[in-house]
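Trainee: quick one: sequence plus predicted model below, questions after.
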Amino acid sequence: MLLRNALLATLDPPDSPRVASGDLRIEGGTITERAPGLAARPDEETIELTGAPVLPGLVNAHTHLYSALARGMPGPKEPPRGFLEILERVWWRLDRALDEEAVALSGLAGAIDAALSGVTLVVDHHASPSAIPGSLDALRRAVEEVGLRSVLCYEVTDRNGPEGRDLGLEESRRFLAGGPTPLTRGMVGGHASFTLSEETMERLGALVDETGAPFHIHVAEDTADVEDCWERYDTGLVQRLGGHGLLRPSTILAHGVHLEASELDVAQSRGCWLAHNPRSNMNNDVGYASTDAFRQAALGTDGMDGDILAEARVCFLRMREAGRDDAMEATLHLLTGGHRLAAALFERPFGTLDAGAPADLVVLDYPSPTPLHDGNLAGHLLFGIDRSHVRSVMVEGRWVVLDRSVVTVDAEAVFARAREAAPRLWRRMTELAPTRGPAG
Ligand SMILES: [Zn+2]
């Protein structure tokens, strides 16, 4: 396939984004040539872009597809006070109410939402305590059906008893044993330190050893996680994870809102990644995560939606409010951090549109009211371009969205099924007994 007359816009390095006219030749899931004025070969499909901006496909470094059916659900009877009550009354009810059908529909609806936002890869942290076995395969099938890449894990926890814990570990082992597919990778997942016993942490460390898979966990999202770790284990969160061999290259620490600078230094020195989720942190009122000193960091939506451009805009504004003069460059660094993380997980050069890069890209329909060039791409991304400008999305050389329509699945049929399943899910949530909470 030949894409002609594109305005190729790459964001890395964040201090000097590149915007240049050119054509792309795509063969077998890879960009094989990039140059202006490429001649079409006989029988080659040629698509004329007439100067439309093209970005590398965007990456969501931390999300929960299982929350896709939560949009618009009724709130708990008693409004939650604080982070733990938000988990107990909302999210730990939602995940326990998920059945196989809801997991699959959440995966489909969440992946469609991501694709329509220009996201080509989602790093997911999954929980469905009442439907654990096979849940990662159900998610993989859903996301692959939509045509996106994903990195999946099951969030192992002790909050549903030893049986739930063992099923989570077994699902992780089973899924990882299946090996990667062209679009999907696996990780080992843990919920968060405050719902993981020493024995479970040990088993997670052993599973990471056994499989060689990277680890993905929530860390210091709220002060409750920090306090629990000191109270029960007389140590800090990063030290606890390190003690179980869980601080490794490509380990993803989500949030890190309340980590000390010294803990961030240790995590960074071990090659860990920080997933920054500013909208979720603001929504849960857990505090502001300063990412200033952490270079291996990327943006996530934490299940709010699939829209990483919206996340980037809020990230930028929150940084400005916190007084950061380099907010624009820092936000682009986080947005492109997703590409660097993807490159580490898939061992392919994501984030460029050069020959050899995966053919994961976003074509925008962005009639800019002002000039768009190298020097002001960041300004257009943070003040102008949003998901409404996403015209087409390609993953591994295959169109997922074309001219604003999802072409891999019948999105309207999926949403129609989801609209029927969601109220059933919400009803099951209200019928569940209260969760026991982290302290048992
Ligand atoms: Zn999360």
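Mentor: Great, that's in hand. Residues are numbered from 1 along each chain as shown.

Trainee: from here on, just use CA atoms for contacts and neighbour counts.
Mentor: Will do.

Trainee: ranges for the helices of the stretch 51-200 of the chain?
Mentor: Using DSSP state H, counting those that start in this stretch, the helices of the stretch 51-200 of the chain run over 83-86, 92-97, 100-115, 135-146, 161-177, 198-211.

Trainee: what's the most buried one of those?
Mentor: Compared across the helices of the stretch 51-200 of the chain, helix 100-115 shows the largest average neighbour count, a mean of 25 (mean count of other Cα atoms under 10 Å).

Trainee: got the angle for that one vs helix 135-146?
Mentor: 40 degrees (axes from the mean of the first three to the mean of the last three Cα atoms, to 10 degrees).

Trainee: now helix 100-115, how far from the centre of its chain.
Mentor: Offset of helix 100-115 from its chain centre (Cα atoms, centre = their mean, to the nearest Å): 14 Å.

Trainee: same check, this time on stretch 213-227
Mentor: Distance, centroid of stretch 213-227 to centroid of chain: 16 Å (Cα atoms, centre = their mean).

Trainee: swap in stretch 413-421?
Mentor: With Cα atoms, centre = their mean, you get 23 Å for stretch 413-421.

Trainee: in it, which residues are buried?
Mentor: By neighbour count with 16 or more other Cα atoms under 10 Å, stretch 413-421 contains the buried residues 415, 418, 421.

Trainee: where does the second one land in three-state SS?
Mentor: Here residue 418 is helix, with the state taken from DSSP: H, G, I helix; E, B strand; the rest coil.

Trainee: could you do the one 10 residues further on as well?
Mentor: The local conformation at residue 428, judged by three-state DSSP, is helix.

Trainee: mind checking how far it is from residue 310?
Mentor: Taking Cα to Cα, to the nearest Å as the measure, residue 428 falls 31 Å from residue 310.

Trainee: so between the two, which is more surrounded?
Mentor: Applying other Cα atoms under 10 Å to residue 428 and residue 310 shows that residue 310 carries more neighbours, namely 19 against 16.

Trainee: excluding chain neighbours, what is closest to the more buried one?
Mentor: Nearest residue to residue 310, sequence neighbours excluded (Cα to Cα, 6 or more residues apart in numbering): residue 386, at 6.9 Å.

Trainee: for residue 366, see how far away the one you found is.
Mentor: Relative to residue 366, residue 386 is positioned 9 Å away (Cα to Cα).

Trainee: equivalent analysis for residue 402, please.
Mentor: 15 Å.

Trainee: for residue 341, grab phi and psi.
Mentor: phi -60, psi -50 (degrees, to the nearest 10).

Trainee: start the count at 15 instead of 1 going forward.
Mentor: With the count now opening at 15, the last piece we talked about shows up as residue 355.

Trainee: residues contacting it?
Mentor: Applying Cα atoms under 8 Å, 6 or more residues apart in numbering to residue 355 gives the contacts 75, 264, 287, 312.

Trainee: one more time with 7 Å, if that's ok
Mentor: Shown in contact with residue 355 (Cα atoms under 7 Å, 6 or more residues apart in numbering): no residues.

Trainee: distance of it relative to residue 184?
Mentor: Residue 355 is 26 Å from residue 184, by Cα to Cα.

Trainee: can you check residue 363 too?
Mentor: Residue 363 sits 32 Å away from residue 184, going by Cα to Cα.

Trainee: and what of residue 389?
Mentor: Residue 389 is 50 Å from residue 184, by Cα to Cα.

Trainee: quick one: secondary structure of residue 263?
Mentor: Going by three-state DSSP: residue 263 is coil.

Trainee: likewise for residue 230?
Mentor: Secondary structure, three-state DSSP: residue 230 is strand.

Trainee: residue 16 bridge partners, please.
Mentor: residue 39, residue 60 (DSSP bridges).

Trainee: contact partners for it?
Mentor: Contacts of residue 16 (Cα under 7 Å, 6+ apart): 38, 39, 40, 54, 58, 59, 60, 61.

Trainee: want to throw these into a markdown table with distance to residue 294?
Mentor: Compiled in a markdown table, those are given as follows (distance: Cα to Cα, whole Å):
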| residue | distance to residue 294 |
| --- | --- |
| 38 | 37 |
| 39 | 39 |
| 40 | 37 |
| 54 | 46 |
| 58 | 45 |
| 59 | 42 |
| 60 | 41 |
| 61 | 39 |
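
Trainee: fine by me, thanks again.
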